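S.K.: for reference, the sequence and a predicted model appear below.
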Amino acid sequence: MELFSEIYSCYYQVMRHLLCSQNPVTIQNIRQQIHGEGFEESLLAIIPKLENGAWNLFEKEGTLFLSKLNSSFVMPLSTLEKSYLKALLSDPRIGLFLDDSQWDALNVMLDSVAPLFSPEQFYYYDRFSDGDPYDDSRYRSNFRTLLAAQKKRQYVDLDYNSPSGKRVHHYYVPARLEYSVKNDKFRLLALKHMYRNKRTTTKNFDEESLVSDKVKLEILNLSRIQSIRPTDKTLPTQVDLNAIIRKTYYKEPLRLHIINRRNALERAMLHFANYEKNTRKIDQDTYECLIYYNQSMETELLIEVMSFGPMLKVLGNKRFLKSLRTRLQKQRDLMEQMDSFRQYNL
């Protein structure tokens, strides 16, 4: 494994926690730790390396794994890592997660370091050009308010302009912030409480009604949010936000086969990193990947699947296959029209 990897930084954190623990662990303990701190596909990348000894980090005694490091082990940042961090500071999106004092402190710490790369070195050939205004003060303030409310499970009073031009004003609980690479935009998965009594508001509901009444998941574009005001109401801890999100998914996930040639598995895991998924190895070169999605994600997921390449095979579900065939037929018809137009003009 590389000394540093911006892609696998999560793996390093998982392994650091395992190695710094002085207690012997079983492979099942390791699996649970990886599952809790890593991604769904992290098990595929880490477990085989530990079991076959490729990562010589543990002493094995029967079914137990003993760390070769002591609890005081500290890994200082290398020059390469500092250079990578300096490059990240040039990305306007990172400013959404840092306040002014954090931003200034990092710039002082990395003042003598040259950035590993600059934004001008990247060309996005398949991304829309009307991305979110990351440097806009209102946008940044709204983002940070939502981020704080999400961590506290706090209701916010939100004013929003819908795509149809309709002004929406409601109370939401920010459940998740997602970034779309294709659109270069952030979107908010928000929980909207549906009250039995129309006169009920966040000012007079109780926790029991929150649990029993219906909660609706809505997706909002951050750039369309006009104002946000935090309230003093929070969602009870017994409400499972992830379970509510999962209820919006189609019953049958998208099922893909990934042929692991030309590093296809790694590219696919990065390509579909923002979706909930399960991945398992079928044979030496083939992996099955199940991607869970709902109607709001369908179009973007369809475009991403089509752009991936021949190392990916779509097996189901029927709904997705039908949409895929329809889109491919439209592209074919368009190409034929363009060919006819060229021949006519020649």
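M.R.: Arrived safely. Residues are numbered from 1 along each chain as shown.
S.K.: assumed K82 was part of a strand.
M.R.: No. Assigned with DSSP: H, G, I helix; E, B strand; the rest coil, K82 falls outside any strand and is helix.
S.K.: now do the same contact list for the residue nearest to it when sequence neighbours are not counted.
M.R.: Nearest residue to K82, sequence neighbours excluded (CB to CB, 6 or more residues apart in numbering): V113, at 4.7 Å. Where C-beta positions appear, they are placed from N, C-alpha and C, glycine not excepted. By CB atoms under 8 Å, 6 or more residues apart in numbering, the contact set of V113 is T79, K82, S83, L85, K86.
S.K.: now the buried members of those.
M.R.: Among the contacts of V113, the ones that count as buried by 16 or more other CB atoms under 10 Å are K82, S83, L85, K86.
S.K.: that's a strand at the third one, yeah?
M.R.: No. With three-state DSSP as the criterion, L85 is assigned helix and is not in a strand.
S.K.: just checking, it touches L110?
M.R.: Yes. Shown here, L85 and L110 form a contact pair, counting by CB atoms under 8 Å, at 6.1 Å.
S.K.: how about the helices of the stretch 1-150 of the chain, start to end?
M.R.: Secondary structure of the stretch 1-150 of the chain by DSSP state H, counting those that start in this stretch: the helices cover 9-20, 27-37, 42-51, 79-88, 100-109, 137-152.
S.K.: quick one: which of the ones you listed is nearest S129?
M.R.: In terms of CB to CB, the element of these nearest to S129 is helix 137-152, at 17.2 Å.
S.K.: ranges for the strands of the stretch 101-250 of the chain?
M.R.: Assigned by DSSP state E, counting those that start in this stretch, the strands in the stretch 101-250 of the chain fall at 154-161, 167-180, 185-194, 214-221, 225-234.
S.K.: for N183, give me the pLDDT.
M.R.: Here the pLDDT value assigned to N183 is 88.
S.K.: what about it, how many residues close to it?
M.R.: N183 has 15 neighbours, counted by other CB atoms under 10 Å.
S.K.: same check, this time on L235
M.R.: L235: 20 surrounding residues under other CB under 10 Å.
S.K.: same deal with P119?
M.R.: Applying other CB under 10 Å, we find 10 residues neighbouring P119.
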